[in-house]
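K.L.:
3D model of this:
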Amino acid sequence: MNKVLGKDSTCSIARSLDVFGDSWTLLIIREAIVAGSTRFQEFREALGIAPNILAKRMALLVEEGLMERRTYREPGVRARDEYVLTEAGRSLTPVIAALAAWGRAYRPRPDGTSPRFTSEDSGTVAQLAFVTAEGDRVPPARLTARRFADPVLD
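P.N.:
Alright, predicted model coming up:
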């Protein structure tokens, strides 16, 4: 999907929105990360998405290397595909966590739900943070951002 978003399509955010500019795409990633969904029907039921839209989004996620299509077969049933997050897909966990935190803070609902991220080993709740190389936390209000060429970034 080669769109050009605005004047500065070289920006990493614009390049990312080439893939994630559609809300269904991030919701599919959310279901894979938070619910562990891998099967087409699981995504369909969780999201209430039309099958043709889901099929297109899944194809995009596979094409972009965020999910991998694997065939599985249950006894007595025809072979089907499941969709498993790749390393690139799993690396979106902080993005999903940041969206969840923002939604809790700025779009609260009395009946709302949010994922909680915990350490797999200890069960300790993990929090998103900007941290300096020295380990100091930096509140978002104290951050500044400047553009740099990608090769300069860590």
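K.L.:
from here on, contacts and neighbour counts on C-alpha atoms
P.N.:
OK.
K.L.:
Got the phi and psi for the residue in the chain sticking out farthest from the centre?
P.N.:
Computed with C-alpha atoms, centre = their mean, the maximum C-alpha offset from the centroid of the chain is found at G76, amounting to 33.9 Å. Torsion angles at G76 (phi, psi; degrees, to the nearest 10) stand at phi 80, psi 10.
K.L.:
Now the least confident helix or strand in the chain by mean pLDDT: buried residues?
P.N.:
When the helices and strands of the chain are scored by mean pLDDT, DSSP states H and E, helix 12-20 comes last with a mean of 86. By neighbour count with 16 or more other C-alpha atoms under 10 Å, helix 12-20 contains the buried residues 14-15, 18-20.
K.L.:
Dump that helix to PDB, restricted to CA.
P.N.:
Extracted in PDB, the C-alpha atoms of helix 12-20 (Å, rounded to 0.1, in the frame of the first residue of the first chain):
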ATOM      1  CA  SER A  12       8.900   7.600  10.000                       C
ATOM      2  CA  ILE A  13       5.500   8.400  11.400                       C
ATOM      3  CA  ALA A  14       4.000   8.900   7.900                       C
ATOM      4  CA  ARG A  15       5.700   5.700   6.800                       C
ATOM      5  CA  SER A  16       4.100   3.800   9.700                       C
ATOM      6  CA  LEU A  17       0.700   5.300   9.000                       C
ATOM      7  CA  ASP A  18       1.000   3.800   5.500                       C
ATOM      8  CA  VAL A  19       0.400   0.500   7.300                       C
ATOM      9  CA  PHE A  20      -1.600   1.600  10.400                       C
END
